[in-house]
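Colleague: with the sequence up front, the predicted model follows.
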Amino acid sequence: MQVSAPIRVLIADDHRLFAEALDAILSKDGRIAVVGHASDGDEAVRLALELQPDVVLMDIEMPVLDGIEAVRAIRAEQTDACILMLTGSSSRTDVDRAREAGAAGYVTKDRIAAEVIEAIVEIARR
């Protein structure tokens, strides 16, 4: 039986407690390994390019460089990057902006526990 490597995930969120809780949720699933944390959009771009994770979980509202612009910057350098947007908003405008920037998916923070692991696995397998 062949065991596949865990999906490498970078968490980019400026809310430390939320990022730590998300890390705790993801760390309980053997299919996922958190490889880094970014607390602003600029750091997210730098770490995404440096670490080359399989999936980036990107908050839409970030200091220094917002999540949408960070997605554009990452995708400009790594056209195959898989980025899943995280937000408290379910605004159609935010969803459209995220997709136009190159995000592979979109999960609202109120649905994290129920949806984020399966969303990560789904976009990493594309």
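Modeller: Cool, the structure landed. Note that the structure is predicted; figures quoted are calculated from it, not measured.
Colleague: what sits against Ser97?
Modeller: No Ser there; residue 97 is Arg. Contact analysis of Arg97 by CB atoms under 8 Å, 6 or more residues apart in numbering lists Ile68. (C-beta placed from N, C-alpha, C; glycine too.)
Colleague: which of the helices or strands spans it?
Modeller: According to DSSP states H and E, Arg97 maps onto helix 92-101.
Colleague: average pLDDT across that helix?
Modeller: Helix 92-101 carries an average pLDDT of 86.
Colleague: next structured bit after it?
Modeller: Assigned by DSSP H and E, the successor of helix 92-101 is strand 105-108.
Colleague: which SS class is Leu57?
Modeller: On the three-state scheme (DSSP: H, G, I helix; E, B strand; the rest coil), Leu57 is labelled strand.
Colleague: do I have it right that it meets Ile7?
Modeller: No. Applying CB atoms under 8 Å as the test, Leu57 and Ile7 come out as separate, 11.1 Å apart.
Colleague: among these two, which residue is more densely surrounded?
Modeller: Using other CB atoms under 10 Å as the criterion, Leu57 and Ile7 rank with Leu57 on top: 28 against 22.
Colleague: what residues are up against the more buried one?
Modeller: So Leu57 contacts Val9, Leu10, Ile11, Ala12, Asp13, Leu22, Leu84, Leu86, Val116, Ile120 (CB under 8 Å, 6+ apart).
Colleague: the first one: neighbouring residues, count only.
Modeller: What that stands for is Val9. A count of nearby residues for Val9, using other CB under 10 Å, gives 26.
Colleague: for the helix or strand it falls within, packing partners?
Modeller: Element membership of Val9, judged by DSSP H and E, is strand 7-12. On a contact count with 3 or more CB pairs under 8 Å, 6 or more residues apart in numbering; DSSP states H and E, strand 7-12 meets helix 16-27, strand 32-38, helix 41-51, strand 55-59, helix 112-124.
Colleague: where does this structure dip in pLDDT?
Modeller: For the chain, the stretches flagged by pLDDT under 70 are 1-3, 111-115, 117, 126.
Colleague: cutoff 90 now
Modeller: Within the chain, the segments meeting pLDDT under 90 span 1-5, 18, 21, 25-31, 61-62, 78-81, 86-99, 101, 105-126.
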